[in-house]
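next input, structure requested:
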Amino acid sequence: MRRFCVSKRMIGRKPTLSLESAASKPRLIGEAIRITEGFVSGYIFPPEFEFRDFMIVYLKRGSLSGKKNGVATHYEAPSLIMIQPDNSYEFTSSSKGVEATTVSFSPSFTERLNLIKRFGLNDIFISNPSLTLDAEMVEQLERYINQLLLLGRNPKNPFLEEALLHLTLCVFYSVGYHVYQIEQVSRSQQIVDEYLQLVNIHGATEHYIPFYADKLHLSPKYLQNVVKKVTGRTAYSWLEDVITNYAKQLLTENKMTVQQISMYLNFRNQSYFTAFFKRVTSLTPSEYRLQHKS
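You can find the predicted model right below:
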């Protein structure tokens with residue numbers, strides 16, 4: 001079984017590992033990139049260690065658990081794991097049949113990529129130790145690895161490193177867009193959750209979308225577009241449900257007159273309330289009260 005060689009240099013008393021120091025050399029793509037299959041199952045790690053190289057790990061099958069900088073992590077395929085230099089890792093367990101491909105970048109090539117500044121990778125991976133991949137991203141990563149191997153067949157190509165650089169940047173632009181989409185979906189869901197919470201609190205008396213948009217520091221149009229996209233319903237339909245439920249409750253559980261209820265629910269007058277209620281329930285407030293009289 002292949003093992004990593006531990007370098008003499010120690011960082012914080014943790015062994016420092018590099019694919020360059022592996023006893024069994026990975027496949028070299030010029031002087032810039034090294035590709036290794038079986039990242040997990042093919043190596044035995046010290047209990048805790050730091051990598052010297054910048055790497056990405058495409059986890060194809062299985063799962064992996066451990067710690068990154070002392071924080072528990074769990075990786076499920078298909079996912080992309082990023083290993084940054086001088087970060088501490090500990091892999092404690094893996095499922096059977098783990099398959100992964102590791103792409104390791106030389107320090108000089110990493111410097112030219114400038115991924116940390118270009119894509120804000122620190123911000124992306126602080127809270128997310130890995131990215132779950134959709135089918136499109138899986139296809140792009142596999143194509144990228146195959147193209148690397150194809151370019152590696154001609155090591156004397158004077159433009160090899162430039163080709164590798166632009167090919168790798170292209171993949172990370174795709175990764176960046178993938179992250180952007182995830183963040184947009186997450187932010188949209190957050191907006192909807194906050195909107196529905198506000199509607200439940202204020203819906204009895206606040207009947208207009210601009211009130212909620214102002215609370216969320218959004219334009220009414222943007223709020224309505226997000227709610228419609230995420231829920232499939234209009235923002236006002238959710239508000240309408242809350243108003244109607246309040247009205248039904250007051251009509252069946254309270255001795256207030258219809259006029260008093262319309263005032264309590266902040267309608268302009270009883271006629272507006274009656275028209276609203278009939279449009280939603282097909283009954284006037286008085287008819288609804290009569291049908292649900294105990």
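
so for the helix or strand that contains T252, what gets flagged as buried?
Taking DSSP states H and E as the criterion, T252 maps to helix 235-253. Residues 235, 238-240, 242-244, 246-248, 250-251 are the ones in helix 235-253 that count as buried (16 or more other Cβ atoms under 10 Å). Quick note: C-beta positions are derived from backbone N, CA and C, even for glycine.

kindly report the same for stretch 269-276.
Going by 16+ other Cβ under 10 Å, stretch 269-276 has these buried residues: 270, 273-274, 276.

likewise stretch 153-171?
Of the residues in stretch 153-171, 160-161, 164, 168-169, 171 count as buried by neighbour count, 16+ other Cβ under 10 Å.

so, low pLDDT: which residues of the chain?
In the predicted model of the chain, residues 1-25, 38-52, 89, 116-129, 179-180, 182-183, 294 satisfy pLDDT under 70.

so where do the helices sit in it?
Here the chain has its helices, by DSSP state H, at 107-113, 115-119, 121-127, 135-151, 160-202, 209-215, 220-231, 235-253, 258-264, 270-281, 285-291.

redo these as JSON lines? Include distance to D53.
JSON lines is the format used below for these (distance: least, Cβ to Cβ, whole Å):
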{"stretch": "helix 107-113", "distance to D53": "7"}
{"stretch": "helix 115-119", "distance to D53": "13"}
{"stretch": "helix 121-127", "distance to D53": "15"}
{"stretch": "helix 135-151", "distance to D53": "15"}
{"stretch": "helix 160-202", "distance to D53": "14"}
{"stretch": "helix 209-215", "distance to D53": "48"}
{"stretch": "helix 220-231", "distance to D53": "41"}
{"stretch": "helix 235-253", "distance to D53": "49"}
{"stretch": "helix 258-264", "distance to D53": "68"}
{"stretch": "helix 270-281", "distance to D53": "63"}
{"stretch": "helix 285-291", "distance to D53": "71"}
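
ok now do S188, which residues does it touch?
Residues in contact with S188, defined by Cβ atoms under 8 Å, 6 or more residues apart in numbering, are 226, 229-230.

ranking by neighbours, what's the top pick from those?
Neighbour counts for these, by other Cβ atoms under 10 Å, peak at V226, which reaches 21 neighbours.

backbone dihedrals for V98, please?
When read as degrees, to the nearest 10, the backbone of V98 gives phi -70, psi 130.

excluding its backbone neighbours, what's nearest it?
G62 (3.5 Å; Cβ to Cβ, 6 or more residues apart in numbering).

next, count neighbours for the one you found.
Neighbour count for G62, taken as other Cβ under 10 Å: 17.

distance of V280 from K221?
Distance, V280 to K221, by Cβ to Cβ, to the nearest Å: 24 Å.

which of the two has more neighbours?
V280 (15 against 10).

show me what contacts the closest residue to that one other than its chain neighbours?
Among residues not flanking V280 along the chain, T244 sits closest, at 5.1 Å (Cβ to Cβ, 6+ apart). Applying Cβ under 8 Å, 6+ apart, we find T244 in contact with 277, 280-281.

and T244, how far from Y208?
Distance, T244 to Y208, using Cβ to Cβ: 16 Å.

now S188
Taking Cβ to Cβ as the measure, S188 falls 22 Å from Y208.

how about K255?
Relative to Y208, and taking Cβ to Cβ, K255 is found at 29 Å.

comparing these two, which residue is more hemmed in?
Remark: of K255 and Y208, Y208 carries more neighbours, 11 against 6, as counted by other Cβ under 10 Å.
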